[in-house]
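sharing a model prediction with you, sequence too.
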Amino acid sequence: MGIELELQLVNRRNYNLATDALDLLNWIEPRELQDKIKLEITQGMIELNSGIHTRVDELMQELKELRGALIKSAQRLNIDIAGGGAHPFQSWSEQRITPSERFHHLHRKYGYLAKTFTVFGQHIHIGVANGDDALYLTHGFSRYVPHFIALSAASPFYQGVDTAFDSSRSNVVRAFPLAGTVPVLTKWSEFENYYDELLKLGIIGSMKDFYWDIRPKPEYGTVEIRVCDTPLTLELAALLGCYAQLLARWLLTERPIEIHEDYYLLYQYNRFAASRYGLDGEIALQGADKNSPAVKQTIYTSIIERLHDLNRYAKNDAELKALIRLRQMAHDRQNDASWLRQTYKQRGSLNDVTRMASELWMKHTSLPYVQ
């Protein structure tokens, strides 16, 4: 597994987004770490990329090292770094496109959407053996998109208001063409034909043009989960990576899910429920067969049940601890969105909320609401 984290650069005057990504990257030391810290579409963002890991504790150790390099560079520029899925009060129209042929192409192609894409997500990559496995895992993971959205939700505030969503970022991403879900294909040869057809039509130029919630990444040999908000802490980022890894072990070993033409029938409803209500949302579950009626279940209950079942796929104490920590989150129905709202209730200022979120990301490791 590996993860990517899109992070906020904030000034220390009023904690609005800074525009220092280019300078920040130039100050990164040691220099070889620049390969793991990358520019994003606008200049108030920076992306952190982990290496390849099989253990969550080793992933966590690397994240701490990368954070240390980022913080050292940020201190030179007198800026702070924060997690969270959306900056609480930045204005999209004020953002600057990062100088890059690809980013300028996206700005020309998508217009204002390119700047509204100043939102911050965690992407999780899970390695797979072949293309058929990649498609099965892509479809299999989609059943658990509400879990990942609800656990990671960290964008209740957007453009200066409380959106009433736990993850407002989810709505921004949905505006792009070729967002949503992969077609219901199960053989990699079928996917190659689909890809080649869109390529010939000029609809896409590469896999990057698919903004699906989950997509195969053949250049890496992975399946990429793209629905998570960037967490406020390193611990939650690592926990989400571990959850994806354990889910993949179960899905690819037992093949418990049957892919059929109606597979995504309830997907949009369930995705909305997780984005809107977080862990308290209710998802609709299809019956065991086409003749069985759908039923509803709270997201936190669904998460607890799945985490309990995954105990048998944990290979070490670090993974068992990760399952315990995630279960506690679900049981208490606490996520980053609830922490952000509670902080705003206490402080009464979105500037203060952002300042405290940046302190949480830079100075702490553990979740503030799980003991």
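Done, it's in. Numbers count the residues shown, from 1 in each chain.

where do the strands of this structure begin and end?
In chain order, the chain shows strands spanning 2-11, 37-39, 45-49, 79-82, 121-127, 157-158, 161-162, 179-180, 211-212, 214-217, 222-229, 282-285, 295-298, with DSSP state E as the criterion.

now residue 309: closest residue in space that isn't a chain neighbour?
If you skip the residues right next to it in sequence, residue 309 has residue 250 as its closest partner in space, 7.4 Å away by C-beta to C-beta, 6 or more residues apart in numbering. The way it works is simple: take the backbone N, C-alpha and C, and place the C-beta from them, glycine included.

is that neighbour in contact with residue 256, as I believe?
Yes - Residue 250 is within contact range of residue 256, at 7.4 Å (criterion: C-beta atoms under 8 Å).

of the two, who's got more company?
Under the neighbour definition other C-beta atoms under 10 Å, residue 250 and residue 256 were set side by side, and residue 250 has more, 16 against 9.

and the gap between that one and residue 238?
Noted for residue 250: a distance of 19 Å to residue 238, by C-beta to C-beta, to the nearest Å.

same question, residue 175
If you measure residue 175 against residue 238 using C-beta to C-beta, the figure is 30 Å.

have a look at those two and say which one is more surrounded.
In terms of neighbours (other C-beta under 10 Å), residue 238 is the more surrounded of residue 175 and residue 238; the figures are 28 against 13.

nearest residue to that one in space, please, no chain neighbours.
The shortest distance from residue 238 to any non-neighbouring residue, by C-beta to C-beta, 6+ apart, is to residue 60 (4.4 Å).

per-residue confidence for the residue nearest to residue 335 when sequence neighbours are not counted?
With C-beta to C-beta, 6+ apart as the criterion, residue 335 has its nearest non-adjacent residue at 5.2 Å, and that residue is residue 153. In this model, residue 153 is scored at 98, pLDDT.

burial measure for residue 153, as a count.
The burial metric for residue 153, expressed as a neighbour count using other C-beta under 10 Å, is 30.

give me phi/psi at it?
Summarising the backbone geometry of residue 153 under the convention degrees, to the nearest 10, its torsions are phi -50, psi 120.

check residue 28 too.
Dihedral pair for residue 28: phi -60, psi 130, per degrees, to the nearest 10.

so what's residue 228 up against?
Residues touching residue 228, when contacts are defined by C-beta atoms under 8 Å, 6 or more residues apart in numbering, comprise 121-124, 148-149, 151-152, 240.

hmm, 6 Å instead?
If you count contacts by C-beta atoms under 6 Å, 6 or more residues apart in numbering, residue 228 has them with 121-122, 148, 152, 240.

residue 237 too?
Counting by C-beta under 6 Å, 6+ apart, residue 237 makes contact with 5, 122, 231.

top of the contacts of residue 228 by neighbour count?
Across the contacts of residue 228, neighbour numbers were computed from other C-beta under 10 Å; residue 152 holds the maximum, 32 neighbours.

is it true that that one touches residue 230?
No - here residue 152 lies out of contact with residue 230, judged by C-beta atoms under 6 Å, at a distance of 7.8 Å.

from the contacts of residue 228, pick the one nearest residue 108.
Checking the contacts of residue 228 against residue 108 with C-beta to C-beta, the nearest one is residue 121 at 23.0 Å.

how close does that closest one sit to residue 277?
With distances defined as C-beta to C-beta, the gap from residue 121 to residue 277 amounts to 19 Å.

if we can go back for a sec, for residue 115, find the nearest of the strands of the chain.
strand 45-49 (11.3 Å).

pLDDT score for residue 31?
Turning to residue 31, the model gives it a pLDDT of 83.

tell me the pLDDT of residue 289.
As predicted, residue 289 sits at a pLDDT of 65.

make that residue 34, sorry
Per-residue confidence (pLDDT) for residue 34: 84.

and the closest residue to it other than its chain neighbours, how many neighbours does it have?
For residue 34, ignoring the flanking residues on the chain, the nearest one in space by C-beta to C-beta, 6+ apart is residue 28 at 5.0 Å. A total of 20 residues lie near residue 28 under the criterion other C-beta under 10 Å.
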